[in-house]
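S.K.: no letters, just coordinates:
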Ligand code: XUL
Ligand code: CO
């Protein structure tokens, strides 16, 4: 063990009736932890992620797996998430590409058996290759659609083989750059067709987990159809996919959509569709997806409040996050994971304390108390007609003001619980 020391994360500690490790199934994101090397559109990579092997080779794919498992073991991270393209290099054709994937899957599976570290979810990268420039399910080309389907099929097979709990669709190019060249309804129907085919195949292939949509409003497409949780839920219901799909909510995507992280969690949970979380944070002053490691304890507390209220996640907390470009050392990686694991653990402790304290929940209950009897109960039952309500309103005269929202009182309670 190096200098890794958690201040709040203790997997065995019981919080609100469950072990911390059960509330917080942390996952490493293969693409960020083992690939992202700090390059951006203005500058070259700063971190060395070669792990002693030549980039783009099968030897490198194995070296990444070695490094990833060593790192997860060291930090006590129980899961990983992957794209097909993160695991192994593409070959000359689809057959060779798939052989490369099979070879590395076998290698990873052995490590998984030896360590107990499991796959949280897999996803097909349908954004990077030039063939997907106009999207995958939403592509104008049926040949590209078919290739996307082949990649989804293979990645589903890998996810089943690696024991993954989930399968993500993140529609980075499922959207448009200009409506002048776009048939929106046509594209939405095709995306749904790809997802339906994935569900049908996945269930046949033994995938018993959840499919997820990961909402994000833009970037790389100007507008992405999975804009936010509410939009994605509408789409799932419209195309009858809500029995197999839940949502994977990412904090930075929430803020890009003009929402808070908590808002997106609440929307998904309110519909019983909160499945998993991409645990990161954005920078509110930057309009792009910076994928930072979360450290704001207000945010993590609000997140964990929503998660506890939802009864936990069927998925987990995937660190879809990367260290900053000038933080290029292996120690920076350790610090980043410790930072965020502790931030979510502290958030869990504080959220549980807020719930157990009870003052806020009691106030929320009282705020809606008028609906438990009389005309309120009639409204809740769904039986109250507009005529009945209108008569009631005429008889009662001017209704009293609805009572203070007491936001400042609540914020005082939150700060008292957070800081004493
Ligand atoms: C991109 C993003 C992805 C998905 C998986 O913004 O979040 O890494 O999580 O494709
Ligand atoms: Co993500």
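M.R.: Done, it's in. Here the structure is a predicted model, which is why all the values come from computation and not from measurement. Numbers count the residues shown, from 1 in each chain. Ligands and ions are numbered 1, 2, ... in the order given.

S.K.: for the residue of the stretch 1-150 of the chain found nearest ligand 2, name its beta-bridge partners.
M.R.: Closest residue of the stretch 1-150 of the chain to ligand 2, C-beta to the ion: residue 29 (7.5 Å). Glycine gets a C-beta too; all of them are placed from N, C-alpha and C. For residue 29, the beta-bridge partners under DSSP bridges are residue 81.

S.K.: let me see the contact set for it.
M.R.: The contact partners of residue 29, by C-beta atoms under 8 Å, 6 or more residues apart in numbering, come to 80, 81, 278, 318, 319, 320, 321.

S.K.: ok, 10 Å please
M.R.: Counting by C-beta atoms under 10 Å, 6 or more residues apart in numbering, residue 29 makes contact with 35-36, 80-83, 86, 120, 278-280, 291, 318-322.

S.K.: how many residues are close by residue 206?
M.R.: 10 (other C-beta atoms under 10 Å).

S.K.: and it, what pLDDT?
M.R.: The model reports residue 206 with a pLDDT of 97.

S.K.: got it, and residue 1?
M.R.: What the model reports as pLDDT for residue 1 is 44.

S.K.: now the closest residue to ligand 2 within the stretch 301-420 of the chain: closest residue in space that isn't a chain neighbour?
M.R.: The nearest approach of the stretch 301-420 of the chain to ligand 2 comes at residue 320, 3.7 Å away (C-beta to the ion). Spatially, and ignoring its direct neighbours in sequence, residue 320 is nearest to residue 278 (3.9 Å; C-beta to C-beta, 6 or more residues apart in numbering).

S.K.: number of residues surrounding that neighbour?
M.R.: Residue 278: 27 surrounding residues under other C-beta under 10 Å.

S.K.: and it, bridged to which residues?
M.R.: residue 250, residue 318.

S.K.: thought residue 213 was touching it, still the case?
M.R.: No: at 12.0 Å, residue 278 and residue 213 do not qualify as touching, with contact defined as C-beta atoms under 10 Å.

S.K.: now do the shared contacts for the two.
M.R.: Jointly contacting residue 278 and residue 213 under the rule C-beta under 10 Å, 6+ apart are 168, 170, 248, 249.

S.K.: residue contacts, residue 42?
M.R.: Contacts of residue 42 by C-beta under 10 Å, 6+ apart are residue 325.

S.K.: what parts of the stretch 301-420 of the chain come near ligand 2?
M.R.: By the rule C-beta under 5 Å from the ion, the part of the stretch 301-420 of the chain lying against ligand 2 is residue 320.

S.K.: now with 8 Å, please.
M.R.: 318, 320 (C-beta under 8 Å from the ion).

S.K.: from the stretch 301-420 of the chain, which residue is nearest to ligand 1?
M.R.: residue 320 (4.7 Å; C-beta to the nearest ligand atom).

S.K.: ditto for the chain
M.R.: Closest point on the chain to ligand 1, by C-beta to the nearest ligand atom, is residue 170, at 3.6 Å.

S.K.: let me see the contact set for the residue lying closest to that residue once chain neighbours are set aside.
M.R.: Ranked by C-beta to C-beta, 6+ apart and with sequence neighbours excluded, the top spatial neighbour of residue 170 is residue 214, at 4.3 Å. The neighbours of residue 214, taking C-beta under 10 Å, 6+ apart as the test, are 121, 123, 168-172, 226, 232, 247-250, 253, 275-278, 318, 320.

S.K.: so which of these sit within helices?
M.R.: 232, 253 (DSSP state H).

S.K.: which residues of the stretch 151-300 of the chain lie near ligand 1?
M.R.: 168, 170, 214, 216, 250, 278, 289 (C-beta under 6 Å from any ligand atom).
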